[in-house]
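Undergrad: Build the 3D model from these lines:
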Amino acid sequence: SHDGFLSLNLACDVFIDGIAWSGGMTTLEALQCGLIPLTVPGLQMRTRHTHAIVHALGLPELSVTSLDEWLALALQLGQDLELRQQLAERIQEALPSLWRKAEPIEDFNHWLAQLW
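TA: You can find the predicted model right below:
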């Protein structure tokens, strides 16, 4: 259930984005629960949502290029409370700018205008 999903997020410290399928909405919900998202972007757009989100937040270090890096960073964050707290603070400071970004709406509007 959605409530169960949110409860699970609230019990965690880190959101590990799925391989070959990116969260998008799931990542946004995890951010609202205070989680730190980690991702490895793939070649398809669907694997790059979390990658785009962490870059928009100014945290490109949370998007790594290999599974080995992904696992190492997940382990590091799981063991380093101070690092998790620092990243969580940076995320909370950056979230308002993520919610207020006009570029996606402007780009979508431009795309729609091209259809006519």
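Undergrad: which residues sit against the longest helix along the chain?
TA: Criterion DSSP state H: the longest helix present in the chain is helix 81-99. Residues outside helix 81-99 that contact it (C-beta atoms under 8 Å, 6 or more residues apart in numbering): 13-14, 31, 34, 36, 53, 56-59, 62, 76-77. For every residue, glycine as well, the C-beta is placed using N, CA and C.
Undergrad: so residue 70 touches residue 37, yeah?
TA: No. Using C-beta atoms under 8 Å, residue 70 makes no contact with residue 37, being 11.4 Å away.
Undergrad: Which one of these two is surrounded by more residues?
TA: Relative neighbour count places residue 37 above the other of residue 70 and residue 37, with 26 against 19, counting by other C-beta atoms under 10 Å.
Undergrad: quick one: the more buried one is in a strand?
TA: Yes. Counting by DSSP: H, G, I helix; E, B strand; the rest coil, residue 37 is part of a strand.
Undergrad: Next up, the contacts around it.
TA: With C-beta under 8 Å, 6+ apart, residue 37 has these contacts: 14-15, 17, 23, 27, 30-31, 50, 53-54, 62.
Undergrad: Let's have the contacts of helix 81-99 in CSV, adding distance to residue 3.
TA: As requested, the contacts of helix 81-99 are exported to CSV (distance: C-beta to C-beta, whole Å):
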residue, distance to residue 3
13, 20
14, 21
31, 18
34, 17
36, 22
53, 23
56, 28
57, 26
58, 31
59, 28
62, 27
76, 31
77, 26
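Undergrad: distance of the most centrally placed residue in the chain from residue 17?
TA: Residue closest to the average C-alpha location in the chain (C-alpha atoms, centre = their mean): residue 50, at 4.0 Å. For residue 50, the distance to residue 17 equals 4 Å [C-beta to C-beta, to the nearest Å].
Undergrad: And residue 105, by the same measure?
TA: For residue 105, the distance to residue 17 - C-beta to C-beta - is 24 Å.
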